[in-house]
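>>> Have a look at this fold, sequence not included:
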């Protein structure tokens with residue numbers, strides 16, 4: 001999503017929606033009449049309380065689910081990067097040719113995820129180059145036969161971390177499919193329209209006070225909808241999961257190399 005699109009959605013939810021709500025409230029107030037609206041404040045208040053509570057629960061529940069999905073995507077990225085670092089560290093107990101191959105593929109994989117796969121995930125796709133390097137890393141372990149118990153111990157632990165890498169990668173790519181279904185968006189938007197529109201039916205003596213209350217309600221609902229919209233696509237939305245854990249891999253490997261390969 002470009003910065004221009006981001007500005008558009010922020011303007012729509014936070015500026016345009018309250019403006020339309022205030023205009024609607026003033027229009028109903030002028031058309032129906034303040035006295036007529038005021039006579040129904042008590043009845044409207046009871047109904048509005050029910051409508052407001054139901055919509056608040058729905059809005060809050062959706063926001064929590066979307067936030068948990070976003071945090072889960074961040075956790076998957078961190079676990080994947082951790083598994084890469086562990087693979088490099090564990091390979092220090094292997095022969096030089098295997099150790100160098102693991103380091104090469106770990107570096108290349110982290111670089112390709114950053115340079116190729118992260119932009120591709122914004123389009124809902126993965127990177128063929130990252131997949132190829134990932135498969136090369138697996139091939140390195142498939143071809144290596146540890147000759148002694150010490151190396152077999154590290155090999156078994158490395159396979160465990162390699163499987164963790166595979167699980168985290170798969171979960172990261174599956175996170176691209178997360179989001180709020182269209183039917184739920186229809187309910188959220190429809191509920192927001194009803195909740196804001198219902199506030200037009202109250203009659204107050206002061207038009208400015210009613211405008212401020214209606215605008216505040218619209219800003220709150222618009223802000224919540226914007227938050228849900230921003231977080232629903234962890235790798236393509238307004239707010240995205242950062243690739244910093246993979247950037248750290250390169251820096252960590254350089255530090256360990258300067259320490260002679262001992263983390």
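Looks like it came in fine. Since the structure is predicted, the reported quantities are computational estimates derived from the model, not experimental observations. Residues are numbered from 1 along each chain as shown.
>>> how would you label residue 233: helix, strand or coil?
coil (DSSP: H, G, I helix; E, B strand; the rest coil).
>>> ignore the last one, residue 239
Under the three-state scheme (three-state DSSP), residue 239 adopts coil.
>>> which residues sit in contact with it?
Residue 239 makes contacts with 70, 230, 231, as judged by CB atoms under 8 Å, 6 or more residues apart in numbering. Placement of C-beta: from N, CA and C, glycine included.
>>> What backbone torsions are found at residue 234?
Here is the backbone geometry of residue 234 (degrees, to the nearest 10): phi -60, psi -30.
>>> Check residue 180 too.
Taking degrees, to the nearest 10 as the convention, residue 180 sits at phi -90, psi 120.
>>> count of residues packed around the nearest residue to it once chain neighbours are set aside?
Spatially, and ignoring its direct neighbours in sequence, residue 180 is nearest to residue 232 (4.9 Å; CB to CB, 6 or more residues apart in numbering). As a burial measure, residue 232 scores 23 neighbours (other CB atoms under 10 Å).
>>> Per-residue pLDDT of residue 232, please?
With respect to pLDDT, residue 232 scores 90.
>>> Please tell me I have it right and it contacts residue 177.
No - the pair residue 232 and residue 177 does not pass the contact test of CB atoms under 8 Å, sitting 11.1 Å apart.
>>> what's the burial count for residue 97?
10.
>>> Tell me the spacing between it and residue 149.
Using CB to CB, to the nearest Å, we find residue 97 at a distance of 20 Å from residue 149.
>>> Then residue 75?
Residue 75 sits at a distance of 35 Å from residue 149 (criterion: CB to CB).
>>> Comparing the two, which residue is more hemmed in?
It is residue 75, of residue 75 and residue 149, that has more neighbours when counted by other CB under 10 Å, with 15 against 7.
>>> Which secondary structure elements does the strand or helix carrying that one sit against?
When elements are assigned from DSSP states H and E, residue 75 belongs to helix 41-90. Packing partners of helix 41-90 (3 or more CB pairs under 8 Å, 6 or more residues apart in numbering; DSSP states H and E): helix 96-112, helix 149-174, helix 182-198, helix 207-231, helix 244-258.
>>> before we move on, back to that, give the phi and psi angles for the residue nearest to residue 180, as a check.
Here residue 232 shows phi and psi, under degrees, to the nearest 10, equal to phi -70, psi -30.
>>> check contacts around it.
Residues near residue 232 by CB under 8 Å, 6+ apart: 66, 69, 178, 179, 180.
>>> The second one reaches residue 234, doesn't it?
Yes - the pair residue 69 and residue 234 passes the contact test of CB under 8 Å, sitting 6.9 Å apart.
>>> what do the two both touch?
175, 178.
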